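S.K.: Take this sequence and fold it.
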Amino acid sequence: MRILVRRMRTPARACAAVLVAMLAACSTDDVMSVRPQVDVGTQTAAVVPATGLQRLVPSNPMMTAYPRLNLPLEQPDVMPADELNCRRDLKRLGVAFRDIEPIRDGPSCGIDWPVEVSAIGGVQMKPAATLSCSMAATFSRWTRNELVPAARWRYFSGVRTIHQGSSYSCRNIRGSRGTPSQHSLGNALDVMRIELNNGKDIDVRKPGWFAFRQRGFLNTVREDGCSYFTTVLGPGYNADHADHFHFDIKQRRNGYVACR
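M.R.: Numbers count the residues shown, from 1 in each chain. Model prediction:
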């Protein structure tokens, strides 16, 4: 029995010896060579076409977060053609002006494309008036075609300066129930005084009984304005307009003009 047992163990020991010899013959490099060539830690899945919100994910595999959407989503506003044409008119009229930033003071106040007018031809505007371009062009035509010629005919002098009391202003019409003034849109201008080149300073307030020349000049200025503006109000209309002329270009039904 002992002899049989020893014969049965001999093949197992032989196989073990052979396995040990084979392992001893293998080098470390041989063992490393059986590792996969791709780093499992950075391996990515097969590329699948992006759909839905996945289109927002950057294609760079090193970026693992969604991009920040903090850039403006809309292109800057482009000045409309009518505004561009209006500015060409101002240049032809010899108006000194500059474009300023859009004004937005609420739902009823503001100008999308405002201009600041500092002079009309050789006539200074003090202080510079902030207006819509349409109002600036209308007022400039009236100044060149009516105001300056009237001063030359009555006083034999040109106009040096228009002293204005209010251009753009976010406010309602006084006494109304929340009706926005045309000043709140840049469509109105209040004229307080008109200074001539000869030094004469004409106050718009109602002149005295014997100021015939001044009364005639102011009446002419007021009446001629009704052909340019849709609203002309001044001394004698009410207490709010006792010291200035109010001009505006408010659009009304049937083309109604308030000239008082």
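S.K.: centroid residue for this structure?
M.R.: Centroid check for the chain by CA atoms, centre = their mean gives Pro102 as the closest residue, at 4.3 Å.
S.K.: Dihedrals phi and psi, that residue?
M.R.: Pro102 has phi and psi values of phi -50, psi 140 when expressed as degrees, to the nearest 10.
S.K.: Leaving out the residues flanking it, which one is nearest to it?
M.R.: With CB to CB, 6 or more residues apart in numbering as the criterion, Pro102 has its nearest non-adjacent residue at 5.5 Å, and that residue is Asp112. (Each C-beta comes from the backbone N, C-alpha and C, glycine too.)
S.K.: And that neighbour, how far from Pro207?
M.R.: 40 Å (CB to CB, to the nearest Å).
S.K.: Give the residue from the two that has the larger number of neighbours.
M.R.: More neighbours surround Pro207 than the other of Asp112 and Pro207, with 18 against 15 (other CB atoms under 10 Å).
S.K.: That one: what's its closest spatial neighbour, skipping adjacent residues?
M.R.: Gln214 (4.4 Å).
S.K.: For my notes, confirm Trp142 occurs in a strand.
M.R.: No. Counting by DSSP: H, G, I helix; E, B strand; the rest coil, Trp142 is not found in a strand; it is helix.
S.K.: Verify the stated contact: it with Cys226.
M.R.: No. Between Trp142 and Cys226 there is no contact under CB atoms under 8 Å: 10.1 Å.
S.K.: And the two? Which one has more around it.
M.R.: Taking neighbours as other CB under 10 Å, Trp142 and Cys226 compare with Trp142 leading, 20 against 15.
S.K.: And that one, how far from Phe229?
M.R.: For Trp142, the distance to Phe229 - CB to CB - is 7 Å.
S.K.: Now the common contact residues for these two.
M.R.: Counting by CB atoms under 8 Å, 6 or more residues apart in numbering, the shared contacts of Trp142 and Phe229 are Phe247.
S.K.: in stretch 211-224, what counts as buried?
M.R.: Buried residues in stretch 211-224, counted by 16 or more other CB atoms under 10 Å: 214, 217-218, 220-222, 224.
S.K.: I meant to write stretch 184-195 there.
M.R.: 184-191, 193-195.
S.K.: Same list, these, but as a markdown table with secondary structure, pLDDT and distance to Glu116 please.
M.R.: Converted to a markdown table, those look like this (DSSP: H, G, I helix; E, B strand; the rest coil; pLDDT from 0 to 100; distance: CB to CB, whole Å):
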| residue | secondary structure | pLDDT | distance to Glu116 |
| --- | --- | --- | --- |
| Ser184 | helix | 97 | 17 |
| Leu185 | helix | 97 | 16 |
| Gly186 | coil | 98 | 10 |
| Asn187 | coil | 98 | 15 |
| Ala188 | strand | 98 | 15 |
| Leu189 | strand | 98 | 13 |
| Asp190 | strand | 97 | 16 |
| Val191 | strand | 98 | 17 |
| Arg193 | strand | 96 | 20 |
| Ile194 | strand | 97 | 20 |
| Glu195 | strand | 98 | 20 |
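S.K.: Among those, which one sits closest to Asp240?
M.R.: Asp240 lies nearest to Asp190 out of the buried residues of stretch 184-195, by CB to CB, at 10.3 Å.
S.K.: quick revisit: roughly how far apart are the residue nearest to Pro207 and Trp142?
M.R.: In terms of CB to CB, Gln214 sits 19 Å off from Trp142.
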